[in-house]
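Engineer: Got a predicted structure here, sequence first:
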Amino acid sequence: MNSRLNRHRTVWIAVVIAEMLLILYYAAPILLRTPSPFLMIKSDSMLPVIRPGDILVIQGINPQENLEGKVIAYYSPSQGRIIVHRVINDKGYTLIMKGDNNDEEDFFEPERRFVLGKVRAVLR
């Protein structure tokens, strides 16, 4: 009888955790004001701060916020993918970007409309 009760309790806890994860998954874009609140890093361009395999929590930005020095995620239409780099110069309408582990600035200067948000947390 006791093992049966423990099994029911374990199943109940698993169901509650699964429901909480689903709620977080669907609520995160609303709460963090971005369509892509979680990103997994595949590149080493942001070493040593961000490593391949890290999961980032992204939060939307205020349109007037100065982003200089912040690590942001932006969509690069020329490469067809999301890039996570540091803003080295916020020119207002466009941003000059560079990976911490890169020698040169990014060739693409994203407009603010391409910014998905800034990095709020790094999960290892």
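Structural biologist: Received, thanks.

Engineer: For this protein, give me the ranges with low pLDDT.
Structural biologist: 1 (pLDDT under 70).

Engineer: for the residue nearest the centre of it, what are its contacts?
Structural biologist: For the chain, the residue sitting closest to the mean C-alpha position, by Cα atoms, centre = their mean, is I58 at 3.4 Å. With contact taken as Cβ atoms under 8 Å, 6 or more residues apart in numbering, I58 is in contact with L32, T34, S36, P37, F38, L39, A73, L116, G117, K118, V119, R120. Every C-beta, even on glycine, is put in place using the N, C-alpha and C of the backbone.

Engineer: What is the burial count for the fifth one?
Structural biologist: Neighbour count of F38, defined by other Cβ atoms under 10 Å: 16.

Engineer: What of the last one?
Structural biologist: Other residues within reach of R120, judged by other Cβ under 10 Å, total 14.

Engineer: Look at the residue nearest to the centre of the chain and give its secondary structure.
Structural biologist: Under DSSP: H, G, I helix; E, B strand; the rest coil, I58 falls in the strand class.

Engineer: Give the bridge partners for it, please.
Structural biologist: Taking DSSP bridges as the rule, I58 bridges to V119.
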